[in-house]
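# Quick one: sequence plus predicted model below, questions after.
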Amino acid sequence: MRKEIIMKKFALYMSDIDNYHLTKDVGLIPFIMQKYYGFDSCILIPENNKQYTDNDKYLENLKIIKFEDNNKLLNYLKEVDVLMVIGIYDFNISIINSYKYFNPNGKVYLKLDANLYWLNELNSSITEDTLNTLKKCDLITCESRKIQYFIKSHWDLSSDLMLNGYYEFVDDTFITYEEKENIILFVGRIGSYQKSIDILLNAFKNIESKIPNWKIELIGNMEEGFIRFIYNYFNENPHLMERAIITNYLDKKELKQKYKRSKVFCLTSIWEGCPNVFAEAISNGCYLITSDVTSAIEMIDYGNYGRIFPVKNTTELENELIRVCNDNKLLQNNCEASQIYSRNNLCWINLCGIINNKLAL
């Protein structure tokens, strides 16, 4: 008689999740742990009426279990070998305590997903009980050495550095420099206060004559309150209509083509943890120009694959754009080198292998 193979169970608990989260780290980690590392994975969320169409499209119908009450959740957690949570929130602290009480041999993986601003705010009110709960975690990963230092020096918590990676849904063929065009790309919520994309638009307006053969392309859903800014921008600068392109949400295949064609990726955020677009851009041979957000220095590998400018400093952004866009040799070398670097250091399949080894089940 063939012996039944019992798969280890990996569960991500979330208090809420939207469809777009599934193709970010939130959905990718449990998916890859199942597809490549032999786990029986699922995402646990409270009952809701949301549709998760990307689950079928990209994650091979990963189990998404909606629980009606905490009793159902706790009964399921008793059988889970690894519980993953993201962020230091009250609901995660509660679920860690419950999980460790009912399943003391189970492993807890906390993905910190934090920025320094948020941690400083949290530090002013964090309790001893919360710190004791965090010390129950078997693995904590964070996306910046600044974060590592902060939680060690303030809370005596050890962690592993792990940047957000990329997973190729379309194809992972090497991109040649000849495939690229003079495009500065942005992907994200256009017009949100956090993303501060007006800085890029204004910088481009000021220097467009110094990079005459370049375009910028903004991809993503636009905030309603930003429509007036865009109207005024093109009304005052009609000559930029063909050089500042705005595109709505794209699927993975279409977005892949945008990354492949672009030489530069620009992020102007006021704050970030470690945005997924960093790894997506680098893995497609884009040179990064980013504001000084928490994980920026690690993501550009300390200056090897990009440049950093001070937050909300339009003048410094202009200087970096002029320097980079007029340095063809830099961009050509980066196209190959950044793809090699990302395959070795930012591929989610390999990163999940590290998680698997750290948990040592």
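Noted; the coordinates are in hand. Residues are numbered from 1 along each chain as shown.
# so what pLDDT did Leu351 get?
Leu351 carries a pLDDT score of 98 in this model.
# what's near enough to touch it?
Contact analysis of Leu351 by Cβ atoms under 8 Å, 6 or more residues apart in numbering lists 162, 165. To be clear about C-beta, it is placed using only N, CA and C from the backbone, and glycine gets the same treatment.
# Doesn't it lie inside a helix?
Yes - the assignment for Leu351 is a helix, going by DSSP: H, G, I helix; E, B strand; the rest coil.
# just so I have it, where are all the strands in the protein?
Ranges of strands in the chain, per DSSP state E, are 8-13, 39-46, 63-67, 82-86, 107-111, 139-142, 160-161, 181-187, 215-219, 244-247, 262-267, 287-291, 306-309.
# Count the neighbours of the residue nearest to Lys215 when sequence neighbours are not counted for me.
In space, Lys215 comes closest to Arg243 once its chain neighbours are excluded; the distance is 4.7 Å by Cβ to Cβ, 6 or more residues apart in numbering. Neighbours of Arg243 under the rule other Cβ atoms under 10 Å: 19.
# Which residue, neighbours along the chain excluded, lies closest to Asn67?
One thing to correct before we go on: residue 67 is Phe, not Asn. Leu73 is the one closest to Phe67 (Cβ to Cβ, 6+ apart), at 4.4 Å.
# what does the model give Glu4 for pLDDT?
For Glu4, the pLDDT comes out at 55.
# shouldn't Lys24 be in contact with Asn276?
Yes - shown here, Lys24 and Asn276 form a contact pair, counting by Cβ atoms under 8 Å, at 5.0 Å.
# Give me the more crowded residue out of these two.
Asn276 (19 against 15).
# State the distance from that one to Leu116.
Distance, Asn276 to Leu116, by Cβ to Cβ, to the nearest Å: 19 Å.
# picking that back up, what do Lys24 and Asn276 both touch?
By Cβ under 8 Å, 6+ apart, Lys24 and Asn276 have these common neighbours: Asn164.
# Can I get the strands of the chain in JSON lines including mean pLDDT and distance to Asn97?
Shown next, in JSON lines, are the strands of the chain (pLDDT from 0 to 100; distance: least, Cβ to Cβ, whole Å):
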{"stretch": "strand 8-13", "mean pLDDT": "98", "distance to Asn97": "12"}
{"stretch": "strand 39-46", "mean pLDDT": "98", "distance to Asn97": "16"}
{"stretch": "strand 63-67", "mean pLDDT": "96", "distance to Asn97": "17"}
{"stretch": "strand 82-86", "mean pLDDT": "99", "distance to Asn97": "11"}
{"stretch": "strand 107-111", "mean pLDDT": "99", "distance to Asn97": "10"}
{"stretch": "strand 139-142", "mean pLDDT": "98", "distance to Asn97": "16"}
{"stretch": "strand 160-161", "mean pLDDT": "98", "distance to Asn97": "23"}
{"stretch": "strand 181-187", "mean pLDDT": "99", "distance to Asn97": "38"}
{"stretch": "strand 215-219", "mean pLDDT": "98", "distance to Asn97": "41"}
{"stretch": "strand 244-247", "mean pLDDT": "97", "distance to Asn97": "45"}
{"stretch": "strand 262-267", "mean pLDDT": "99", "distance to Asn97": "37"}
{"stretch": "strand 287-291", "mean pLDDT": "99", "distance to Asn97": "37"}
{"stretch": "strand 306-309", "mean pLDDT": "98", "distance to Asn97": "39"}
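# Make CSV out of those strands and add distance to Ser124 and mean neighbour count.
Below are the strands of the chain laid out as CSV (distance: least, Cβ to Cβ, whole Å; neighbours: other Cβ atoms under 10 Å):
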stretch, distance to Ser124, mean neighbour count
strand 8-13, 26, 23
strand 39-46, 29, 21
strand 63-67, 33, 15
strand 82-86, 22, 24
strand 107-111, 20, 22
strand 139-142, 19, 22
strand 160-161, 25, 12
strand 181-187, 33, 21
strand 215-219, 36, 21
strand 244-247, 40, 17
strand 262-267, 28, 26
strand 287-291, 25, 25
strand 306-309, 28, 22
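# out of the ones you listed, nearest to Ile93?
Closest to Ile93 of the strands of the chain is strand 82-86 (Cβ to Cβ; 8.8 Å).
# Contacts for the longest helix along the chain, please.
Ranked by residue count under DSSP state H, the longest helix found in the chain is helix 328-345. Helix 328-345 is touched from outside by 163, 166, 172, 174-177, 180, 263-264, 279, 282-287, 301, 304-305, 324, 350, with contacts defined as Cβ under 8 Å, 6+ apart.
# Kindly report the same for stretch 248-262.
Where contact means Cβ under 8 Å, 6+ apart, the residues beyond stretch 248-262 that reach it are 23, 58, 169-171, 175, 179-181, 183-185, 187, 217, 219-222, 247, 265, 280-281, 284-286.
# in that stretch, what's buried?
Using 16 or more other Cβ atoms under 10 Å as the test for burial, stretch 248-262 gives 255-256, 258-262.
# same check, this time on stretch 139-152
Of the residues in stretch 139-152, those with enough neighbours to count as buried (16+ other Cβ under 10 Å) are 139-144, 147-148, 150-151.
# Between these, which sits nearest Phe226?
Closest approach to Phe226 among the buried residues of stretch 139-152 (Cβ to Cβ): Glu143, at 27.6 Å.
# Nearest residue to the closest one in space, please, no chain neighbours.
Cys274 (3.5 Å).
# And for Gly38?
Met7 (6.2 Å).
# gap between the one you found and Met33?
Distance of Met7 to Met33, given as Cβ to Cβ: 11 Å.
# Give the burial count for Glu272, as a bare number.
Using other Cβ under 10 Å, Glu272 has 23 neighbouring residues.
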